[in-house]
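Chemist: the following block contains a protein sequence and its predicted model.
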Amino acid sequence: QTPGAPLAARRPLVELSARQSERIAEARQDAQDRARTALIAILAGGGLALAAALTLVTAIVRAVRRPLDSLVHASGRLAAGEPEIRVPEDDGPGELQQLARAFNAMAVDVRTAQGLVESERRRLATTVRALGDALVITGEDGRIEEANPRADELVPELRVGLEMNPPVPLEQAIAAEHEIERDGRTLAVTAAPLADGAGHVWTIRDVTERARLEALKSDFVATASHELRSPLTSIKGFVELLENTAGLSDRQQEWVEIVSLSTDRLVALVADLLDVTRLEAGQVELRRRATDVPALVDETARLLSARMADRGQHFEVHAPAELPRALVDPDRLRQVLVNLLTNAHLYSGEGGRIAVDLLAEQRTLIVRVVNSGPGMTTEEAAHIFDRFSRGSSSSGPNGTGLGLAIVNSLVELHRGTVRVTSAPGEGATFEVRLPGALDTERYAPRGHGRERVAGRHVLVVDDDPQVAQLIATHLTASDATSRVVHSGEAALAALREEAFDAITLDILMPGMSGFEVLRALRADPALGSIPVVVVSVFSGREALSGEWVVPKPIEADALADALGAAVVTQRIRVLAVGPPASRPELDEALDILGIEHEWATDADSVAAMCSVRHYEVALVDAGLAAPHAVIDALDLRGRRLRQAVLIFSPDGTDPGFARLDAEPVAVADAGAAVIGLLAPTPGETAAG
């Protein structure tokens, strides 16, 4: 073996290896080239797919955006007040086409609604312009925002843009209708708040004709009342004198009592005919005083006893030994009892049972009238106090259907309640709740009426000679002297001839009326302070504000009480100022002593009332938030007063936040405080 033989043998292997390496390199390069080509193809395909997708998305977005933009644009124009705008309904996908159709339907509805609103607005504007009432609308700042043409006629000073100067205080106008006099017209003013406190709407109505008709109606009622009741006054008065005449036998005394009770019944029947009209007009007035209710029940029962006996009816009264008195008008309560017992008598039938139960709960007196009549259904009981309601039974007793309606109205005037409980075949129970009277002995005025009248010289003025003679006789029984005249002219002449301590005055007289006599008296400085007691059937308390009033038929005690109070206090107007919550108790304390008064609630209403009336005394609630503002607003023009303002609180103690100089008086003592305030001192008495 030669030395070059191994090398020669290895050379083919090397060459083979080299060729193998080349092949591997070529295969790798080929694989790389193919992978690069594939990647380029994939990238190219993906780019084309993305481009296609973008193109498709763009097309879809454009297809959707166009109707959406159209809807947005149309919505803006619709909101701007173009209800006629519409959008294409065939553009875009199906869902957007449905939305477009819904939008167009909504636009049609909006246009229809706007048309209705505009039509109503025009109708309302026409109505407001043609309205017979003045309409004034104020904003939150109190400035007038709108006023109709009628407002320019009735209240020309209330113009748009100006600050509202209300004709009556806002709170009073919201609470109730108030009448004012303006340039010969009578205007009724009301107000109501707008929603969310955005202002107020004022309504001012010309009620001049209504006021004229109401005045005519009142005059008719007063005249008819005078004509019907004056003869009864004479009968009742002289029967009363006859009752007190010595020498009558028991039989004669019984006859006189029957005549007296029958006269009272006749007076009540006449009053029933007139009360319906008066109640409608709000002209029924109460003269409340502490009243013995059992005595009134006995009196009423005696009046009806003969009629009950004729039908074999059994009557019972159940009352405790100690029963507080009620604070009522005894004449009106007698009327309530007569109506209730008459109703029980008529419906109880032969042999029926009638009972009156009297009881007290705290300061409330309860009167229950029970009858054994046929009873009522629930529906009948619900309407039993309606006027002209007589139930559904055609076999019931005859009647006008006014008695129980009058009962309901009179009880409400006393701030009481009346209700009925009944069932068919079980009779009926009428329950009346009335305010009880305070213990008046602790704050009654000095002496009784007859004692205060004794020794006085009184001028009696009445066109009816019999009534005048009756009054003079009552005065003589009270140890007073009198002079009688029968006309207003004669009264003024008598007043200039001699001195009188008081006057009794009829209002409805021919020639110079009682009103003209009053005006002449109050205008004369020499005569203006003479106390006047109006003795008349006239019931216009507003016109007689400040005067003492005794209604006809005349009761001797009522006349003596009024004259006695009049000569102590003289003519008196009292203004009470406080929140509604303090009113019931103070009303009771003043009413029980016959002190007439009016109410205000704040400084604004005080100023308004003092501008149209003159008051002698003011009673101010110590618990008011701003009592000093109220006192500053008072314009009292009383006579002979050493102190014109009295502060009151429930128990006479200072509530702590009033910070007033005056010591408060208790509500229960307010009446006595007023009379004590006005009563002359010994020095004044001597000087007078």
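Modeler: All right, it came through fine.

Chemist: could you use CA atoms for every contact and neighbour count after this?
Modeler: Fine.

Chemist: for residue 297, give me the pLDDT.
Modeler: Note on residue 297: pLDDT of 90.

Chemist: isn't it up against residue 335?
Modeler: No. Between residue 297 and residue 335 no contact is recorded; they are 10.8 Å apart, counting by CA atoms under 8 Å.

Chemist: higher neighbour count, the two?
Modeler: Applying other CA atoms under 10 Å to residue 297 and residue 335 shows that residue 335 carries more neighbours, namely 24 against 20.

Chemist: ok so the more buried one is a helix residue?
Modeler: Yes. Counting by DSSP: H, G, I helix; E, B strand; the rest coil, one finds residue 335 located in a helix.

Chemist: tell me the domain boundaries of the chain?
Modeler: Residue ranges for each domain of the chain read 1-120, 131-206, 213-441, 444-569, 574-687, as given by automatic domain parsing.

Chemist: just the buried positions in the helix or strand containing residue 632, please.
Modeler: Element membership for residue 632 (DSSP states H and E) is helix 627-633. Along helix 627-633, the positions that meet the burial threshold by neighbour count (16 or more other CA atoms under 10 Å) are 627, 628, 630, 631, 633.

Chemist: any idea of the mean pLDDT for it?
Modeler: Confidence for helix 627-633, expressed as mean pLDDT, is 81.

Chemist: off-centre distance for it?
Modeler: 25 Å (CA atoms, centre = their mean, to the nearest Å).

Chemist: just the CA atoms of that helix, as CSV, please.
Modeler: Taking C-alpha atoms only, helix 627-633 is exported to CSV below (Å, rounded to 0.1, in the frame of the first residue of the first chain):
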residue,chain,number,x,y,z
PRO,A,627,-96.7,91.5,68.9
HIS,A,628,-95.0,94.9,68.7
ALA,A,629,-95.7,95.1,65.0
VAL,A,630,-99.4,94.5,65.7
ILE,A,631,-99.4,97.1,68.5
ASP,A,632,-97.7,99.6,66.2
ALA,A,633,-100.3,99.0,63.5
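
Chemist: what lies in contact with it?
Modeler: Here helix 627-633 makes contact (CA atoms under 8 Å, 6 or more residues apart in numbering) with 577, 602, 603, 604, 606, 607, 620, 621, 645, 658, 660.

Chemist: any quick PyMOL command for the buried ones out of those residues?
Modeler: Under the burial definition 16+ other CA under 10 Å, those of the contacts of helix 627-633 that qualify are selected in PyMOL by:
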select buried, resi 577+602+603+604+606+607+620+621+645
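
Chemist: can you give me the strands in the stretch 451-600 of the chain?
Modeler: Under the criterion DSSP state E, counting those that start in this stretch, the stretch 451-600 of the chain carries strands at the ranges 457-461, 481-485, 502-505, 532-536, 548-551, 574-577, 597-600.

Chemist: dump the residue contacts of residue 429.
Modeler: Residue 429 makes contact with 368, 369, 370, 371, 420, 421, 422, according to CA under 8 Å, 6+ apart.

Chemist: SS state for it?
Modeler: Reducing the assignment at residue 429 to three states with three-state DSSP gives strand.

Chemist: from residue 360, how far out is it?
Modeler: When CA to CA, to the nearest Å is applied, the distance between residue 429 and residue 360 equals 17 Å.

Chemist: name the nearest of the buried residues of helix 627-633 relative to residue 650.
Modeler: For these, the residue nearest residue 650 by CA to CA is residue 627; the value is 15.6 Å.

Chemist: show me what contacts residue 420?
Modeler: Taking CA under 8 Å, 6+ apart, one finds 381, 428, 429, 430, 431 in contact with residue 420.

Chemist: any idea what the fourth one is bridged to?
Modeler: Looking back up the chat, that one is residue 430. Beta-bridge partners of residue 430, counted by DSSP bridges, are residue 369, residue 420.

Chemist: for residue 190, which residues count as its bridge partners?
Modeler: Following DSSP bridges, residue 190 is listed with bridge partners residue 203.

Chemist: what's the pLDDT at it?
Modeler: So residue 190 comes in at 91 (pLDDT).

Chemist: pretty sure it sits against residue 206.
Modeler: No. When contacts are counted by CA under 8 Å, residue 190 is not listed as touching residue 206 (11.9 Å).

Chemist: hey, what's in contact with both of those two?
Modeler: Joint contacts of residue 190 and residue 206 (CA under 8 Å, 6+ apart) do not exist.

Chemist: in the stretch 301-450 of the chain, what residue spans correspond to helices?
Modeler: Under the criterion DSSP state H, counting those that start in this stretch, the stretch 301-450 of the chain carries helices at the ranges 330-348, 378-382, 403-413, 449-453.

Chemist: how much space between residue 418 and residue 512?
Modeler: In terms of CA to CA, residue 418 sits 44 Å off from residue 512.

Chemist: residue 262 too?
Modeler: From residue 262 across to residue 512, the span is 35 Å (CA to CA).

Chemist: kindly report the same for residue 102.
Modeler: Distance check for residue 102 against residue 512: by CA to CA, it reads 83 Å.

Chemist: same question, residue 296
Modeler: With CA to CA as the criterion, residue 296 and residue 512 are 39 Å apart.

Chemist: which of the two has more neighbours?
Modeler: More neighbours sit around residue 296 than around the other of residue 296 and residue 512, counting by other CA under 10 Å; the figures are 18 against 15.

Chemist: wait, that one sits on residue 334?
Modeler: Yes. Taking contact to mean CA under 8 Å, the distance of 6.3 Å between residue 296 and residue 334 places them in contact.

Chemist: tell me which other helices or strands the strand or helix carrying residue 231 touches.
Modeler: When secondary structure is defined using DSSP H and E, the element that contains residue 231 is helix 208-243. With contacts defined as 3 or more CA pairs under 8 Å, 6 or more residues apart in numbering; DSSP states H and E, the packing partners of helix 208-243 are strand 185-193, helix 250-281, helix 465-477.

Chemist: now do the longest helix along the chain: distance to the chain's middle.
Modeler: The helix spanning the most residues in the chain, taking DSSP state H as the definition, is helix 5-79. Per CA atoms, centre = their mean, the displacement of helix 5-79 from the mean C-alpha position of its chain is 94 Å.

Chemist: who are the packing partners of that helix?
Modeler: Contact here means 3+ CA pairs under 8 Å, 6+ apart; on that basis helix 5-79 packs against helix 94-130.

Chemist: then the helix or strand just after the helix it packs on to CSV, C-alphas only?
Modeler: If you walk from helix 94-130 toward the C-terminus, the next helix or strand you reach (DSSP H and E) is strand 134-138. These are the backbone C-alpha positions of strand 134-138, laid out as CSV (Å, rounded to 0.1, in the frame of the first residue of the first chain):
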residue,chain,number,x,y,z
ALA,A,134,-110.7,90.8,36.4
LEU,A,135,-107.8,88.3,36.3
VAL,A,136,-104.4,89.3,37.6
ILE,A,137,-101.4,86.9,37.8
THR,A,138,-98.3,87.7,39.9
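
Chemist: can you give me the angle strand 134-138 makes with strand 185-193?
Modeler: For strand 134-138 against strand 185-193, the angle by axes from the mean of the first three to the mean of the last three CA atoms, to 10 degrees is 40 degrees.

Chemist: the helix or strand following strand 134-138 pairs with which strands, parallel or anti?
Modeler: Later in the chain than strand 134-138, the nearest helix or strand by DSSP H and E is strand 144-147. Counting by DSSP bridges, the strands paired with strand 144-147 are strand 134-138 (antiparallel).

Chemist: coming back round to it: how about the contacts of helix 627-633 in TSV, adding distance to residue 356 and pLDDT?
Modeler: Formatted as TSV, these follow (distance: CA to CA, whole Å; pLDDT from 0 to 100):
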residue	distance to residue 356	pLDDT
577	40	92
602	44	87
603	48	85
604	48	84
606	45	86
607	49	83
620	41	89
621	40	88
645	45	82
658	48	43
660	50	48
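
Chemist: now, which of the contacts of helix 627-633 lie within strands?
Modeler: Secondary structure assignment (DSSP state E) places 577, 620, 621, 645 from these within strands.
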